[in-house]
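> kindly return the folded structure for what I paste below:
(chains A and B)
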Amino acid sequence: MQAELVDIRNHMAQYPPFDEMTEELLDRVVGDIEVVYFKAGSQILELGDPSSWLFYVRSGAVEIYRRTGELYNRISEGEVFGQFGLLMNRKVRFPAKALEDVLLYKIPYDTFQYLWENDDNFADFVEIEDRSRLRSAVSRREKSNQLMTSKVTRLISREPVSAPHTVRLQEAARIMTEHGVSALLLMDEEGEKPLLKGIITDRDLRTRALSEALASETPISEIMSEGLITIRSNMFIFEAMLTMLHNNVHHLPVMDRDEVRGVIALSDIVKYESQSSLYLVSNIYHQQDVKGLKKISLDVRDSFVRMVNEDANSHMIGSAMAGIGRSFTQRLLTLGEEKLGPPPVPYCFMALGSMARDEQLVVTDQDNAMILDDSFVPEEHDEYFLALAKFVSDGLAECGYTYCTGDIMATNQKWRQPLRVWKDYFTDWIDNPKAEALLNSNIFFDLDGIYGETDFAEQLKTLVADKASNSQRFLAMLARNALNRTPPIGFFRTFVLEEDGKHQKTFNLKRRGTAPLSDLIRVHALACGSRAQNSFERLKAIGNTKLLLEDDLGNLRDALEFISIVRIRHQALAIEAGRQPDNNVRPEDLSPFERSHLKDAFQVVSGAQKFLKFRYHATVARNV
Amino acid sequence: MSSEEQAGNSVTRLPWPDQFEALAEQSKSPILRAFYESGCVSPETPMSEVPFVALDFETTGLDASQHSIVSIGLVPFTLDGIQLGKARHWIVRPKLPLHQTSITIHGITHSDIDQAPDMKDILKDLFASLNGRIPVVHYRNIERSFFDAALRWRLGEGIRFPLIDTMAIEAHLHPDRNPSRWQRLLGKKPVSIRLADSRLRYGLPHYAAHNALIDAVATAELLQAQVLHHFSRKTRIGDLWL
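Below you'll find the model as predicted:
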């Protein structure tokens, strides 16, 4: 800096975070500044523009807006703005407008980055501000997007109202009137625990009883609906809505395993009102052929990018994308059954891997399998199921879910088997664990029934939960496999880079980040006997058992969220730029904020792997 | 009238870019030849695309034939940014003794002057910042005439260049700045077009220090403000330069 510019330096030295900066550093900053004037009322930053400067207000005042156009903050002399875009994805997140004539000092990104790395006070200053903005972004999101973030239990306002399924018509009507409900659950109370048998609604009473002039003494079991569609209590409201849309029902019993927690009605959901990206999903169910599905699959990426831009967290995005994938699969199965006729024996279509974990993103292949009823006779029935599996698998490939390179698909006869064979598979994997075999079957330990007799999948989950926690050898072997992929971090917190296909030095955020994390979380979850599939849910389950310290759990959760969201943003940026999204990230494409926190997150993964090795006596496998 | 002067006159009537080309051929000083060869933007160039350099001289007085330059400040800029990192400031030794009053204004002392180089020693550095840029000054009679005189003295050859004068712009904006006696009786105040006063009209901050560099920065800021308030980023430079 030229000494004659001391006026400029002295002005900045009065205000944080520059007030605690050394003279040398501040001189350097002043030497990098560009000064610019804006007239009152003119736009300084437009939403989505590339962000390359930190702005210091020398004189005048600036207004900062939310993307919605709502006023967020007013910045005046001596204050800075623009750091949010620099810290995150180098795009303007908060538009700015000159309220008065303003003179701004623009501090370039490189200088910002240098300060951020070399001056802790500066880093704290811009980040704390940033965090409070993030927090406000989150609370805003929760307001606008409750459908996506809230669990169905939020909608349950009362204990379920039920009656034995043996009651008479009039008695049922009396109970409903007394409790003021529009639906009555009917229970089979003969067993040890009451079981949900059926449901009767206001509408049923009108259409099936009154209009038919049934006698008031008619047993309710004659007109109740059976084979109920239910939802699990940990599902999001938007999933409940999809279930209703899909099955054309207006009431859904909410289940905690076998127990009824309550009933939610479509009207409960409508109160939450939405204009969100559910439109896409409901659209999936309206498609009449693969061609139609393929056409709307083009919108999946837009919907992904939209969620990223709405600051959704990785859990939401992962489950929304998995929900979309599930909807495609379900619709294809329905279309397949229409084409091939009803299935000769009951079956369950099962999602595996990231879809089962609710951690799907846009770049994904299909991993699926079929569990057939034990009455299955290969010679008689398999032709049908092979045809159905092929129809679904080809359809998914058309919609952008590429074929699984490891052939883990229902089209593979090995993964299209009766329930008892599946039980044998799992029993063998757990009782006679072999490292290499387990490496290939790892993916089956993330499973979810998505169509048909989903109870089959639940039985497998129960078997795994019961058996795995008791098999130290199995856990040791699984842990050993979970140590194969290490985070890309070397001595002195440097990134360890690999060359990607385009000869660029990158590291892979999936292979070396989210995958090792979900692998090790799976081991702990199985050791705890948890039935959860989603990594965050698994962490919660692990937390209930004291297997890990509360601090370690928190660190794992943060690390998973951070690596996932960086990966998600990386893919969204690629999509917006018209490039093919992937998992390979060049360190220079990250903001200093992301780089430093990624290193912390990888450090957490590394520490957690050490603990895993120690806890399960796992020695690292060679040659795998 | 000699033939050389006739040639000179015909050159000065040319548009600036052509004038630069002609002067590059005529000039005998390598420094000036390089200056002209680096060219001059076309008069059609929008203001937003012109590379400028704000220039300020502190002098021992107002008459270029009697007084000399004491210090030079400059900063390259465009309408999008004034690049403080490229700002330069020199104190140079005047050929005439320093007048007492200018000491108090500039804060430059005799001992500063004694150690200062002669202007010819800094010409190379100075022109490195000027070449290819349009100078912006506040009150052109100082910079234009003192620069020309200083170069004639040292290189045996003067200099011609287009410039933007922020004071001339203010003068143009306030043609009735000096109220008549009647108006003054009615309480109308004169409008000052001095640098510090002009800046106040645009909400630009006050600078406590007074030196050639901070004045150059102040002039650059003033031009940015003037363009945004009274002209536009698309205004042709040919409409504003003198």
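
> just checking, what packs against the longest strand anywhere in chain B?
If you go by DSSP state E, chain B has its longest strand at strand B:69-78. When contacts are defined as 3 or more CB pairs under 8 Å, 6 or more residues apart in numbering or on different chains; DSSP states H and E, strand B:69-78 packs onto strand B:52-59, strand B:81-83, strand B:88-91, helix B:100-106, helix B:119-130, helix B:212-230. No exception for glycine: its C-beta is placed from N, CA and C like everyone else's.

> if you set the cut-off to 6 Å instead, what comes out?
Judged by 3 or more CB pairs under 6 Å, 6 or more residues apart in numbering or on different chains; DSSP states H and E, strand B:69-78 is in contact with strand B:52-59, strand B:88-91, helix B:212-230.

> neighbours of the residue lying closest to A:L526 once chain neighbours are set aside, how many?
The shortest distance from A:L526 to any non-neighbouring residue, by CB to CB, 6 or more residues apart in numbering or on different chains, is to A:A468 (4.0 Å). A count of nearby residues for A:A468, using other CB atoms under 10 Å in any protein chain shown, gives 23.

> and B:Q115, by the same measure?
Number of residues near B:Q115 (other CB under 10 Å) recorded here: 8.

> got the contact list for it?
Counting by CB atoms under 6 Å, 6 or more residues apart in numbering or on different chains, B:Q115 makes contact with nothing.

> and the gap between it and A:E23?
Distance of B:Q115 to A:E23, computed by CB to CB, to the nearest Å: 24 Å.

> turn the helices and strands packed on strand B:69-78 into JSON lines, including distance to chain A.
Listed next are the helices and strands packed on strand B:69-78 as JSON lines, based on distance: least, CB to the nearest CB, whole Å:
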{"stretch": "strand B:52-59", "distance to chain A": "11"}
{"stretch": "strand B:88-91", "distance to chain A": "5"}
{"stretch": "helix B:212-230", "distance to chain A": "4"}
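
> output the below-cut-off pLDDT ranges for the stretch 301-450 of chain A.
Along the stretch 301-450 of chain A, segments meeting pLDDT under 70 span A:310-312.

> nearest to chain B: which residue in it?
A:N309 (27.4 Å; CB to the nearest CB).

> find the closest residue to chain B in the stretch 451-600 of chain A.
With CB to the nearest CB, the shortest gap between the stretch 451-600 of chain A and chain B falls at A:P592, namely 20.8 Å.

> could you measure from that residue over to A:E127?
To A:E127, A:P592 is 10 Å away according to CB to CB.

> in stretch B:49-60, which residues are buried?
The neighbour-count check on stretch B:49-60 (16 or more other CB atoms under 10 Å in any protein chain shown) flags B:V50, B:F52, B:V53, B:A54, B:L55, B:D56, B:F57, B:E58, B:T59, B:T60 as buried.

> in chain B, which residue is most central in space?
In chain B, the centroid-proximal residue (CA atoms, centre = their mean) is B:V137; its distance is 3.3 Å.

> tell me how many other residues crowd the closest residue to that one other than its chain neighbours.
Excluding the flanking residues, the one nearest B:V137 by CB to CB, 6+ apart is B:E143, at 4.3 Å. B:E143 has 23 neighbours, counted by other CB under 10 Å.

> B:E143 and B:Y207, how far apart?
19 Å.

> same question, B:G156
Distance, B:G156 to B:Y207, using CB to CB: 37 Å.

> in a helix, B:R233, correct?
No - under DSSP: H, G, I helix; E, B strand; the rest coil, B:R233 falls outside any helix and is assigned coil.

> can you tell me the closest non-neighbouring residue to it?
Excluding the flanking residues, the one nearest B:R233 by CB to CB, 6+ apart is B:S48, at 3.8 Å.

> ok, now A:N313?
Excluding the flanking residues, the one nearest A:N313 by CB to CB, 6+ apart is A:E561, at 6.5 Å.

> got the phi/psi numbers for whichever residue of the stretch 101-250 of chain A sits closest to chain B?
The minimum distance from the stretch 101-250 of chain A to chain B, using CB to the nearest CB, falls at A:D101 (3.5 Å). For A:D101, the backbone dihedrals (degrees, to the nearest 10) come out as phi -60, psi 130.

> what score does the residue in chain B that chain A sits nearest to have for pLDDT?
Closest to chain A within chain B is B:G81: 3.1 Å, counting by CB to the nearest CB. Per-residue pLDDT puts B:G81 at 95.

> same check on the one 10 residues further on?
The confidence metric pLDDT takes the value 89 at B:I91.

> who's in contact with the residue nearest to it when sequence neighbours are not counted?
Nearest non-adjacent residue to B:I91, counting by CB to CB, 6+ apart: B:A116, 4.4 Å away. The contact partners of B:A116, by CB under 6 Å, 6+ apart, come to B:I91, B:V92, B:R93.

> mind checking the SS state of the last one?
Think B:R93. coil.

> from B:V137, how far off is B:A168?
Counting by CB to CB, the gap from B:A168 to B:V137 is 9 Å.

> give the contact list for the nearest residue to A:F125 once chain neighbours are set aside.
Leaving aside its sequence neighbours, A:F125 sits nearest to A:P17 (CB to CB, 6+ apart; 3.6 Å). A:P17 makes contacts with A:N121, A:F122, A:F125, as judged by CB under 6 Å, 6+ apart.

> list only buried entries from these.
The neighbour count (16+ other CB under 10 Å) marks A:F122, A:F125 as buried among the contacts of A:P17.

> turn the contacts of A:P17 into TSV, including pLDDT.
TSV is the format used below for the contacts of A:P17 (pLDDT from 0 to 100):
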residue	pLDDT
A:N121	83
A:F122	87
A:F125	80
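
> so between B:G156 and B:Y207, which is more surrounded?
B:Y207 (18 against 9).

> of the buried residues of stretch B:49-60, which one scores lowest on pLDDT?
Scoring the buried residues of stretch B:49-60 by pLDDT puts B:T60 last, at 81.

> find the nearest non-adjacent residue to it, please.
B:T60 sits nearest to B:H67 (CB to CB, 6+ apart), 4.3 Å away.

> ok, the one you found touching B:F57?
No - applying CB atoms under 6 Å as the test, B:H67 and B:F57 come out as separate, 10.4 Å apart.

> could you list the low-confidence segments of chain B?
B:1-9, B:95-111.

> what parts of it come near chain A?
Residues of chain B lying close to chain A by CB under 6 Å from any CB of the partner chain are B:81-85, B:87, B:89, B:202-205, B:207, B:209, B:211, B:213-214, B:221, B:224-225, B:228.

> now the buried members of those.
B:81-85, B:87, B:89, B:202-205, B:207, B:211, B:213-214, B:221, B:224-225, B:228.
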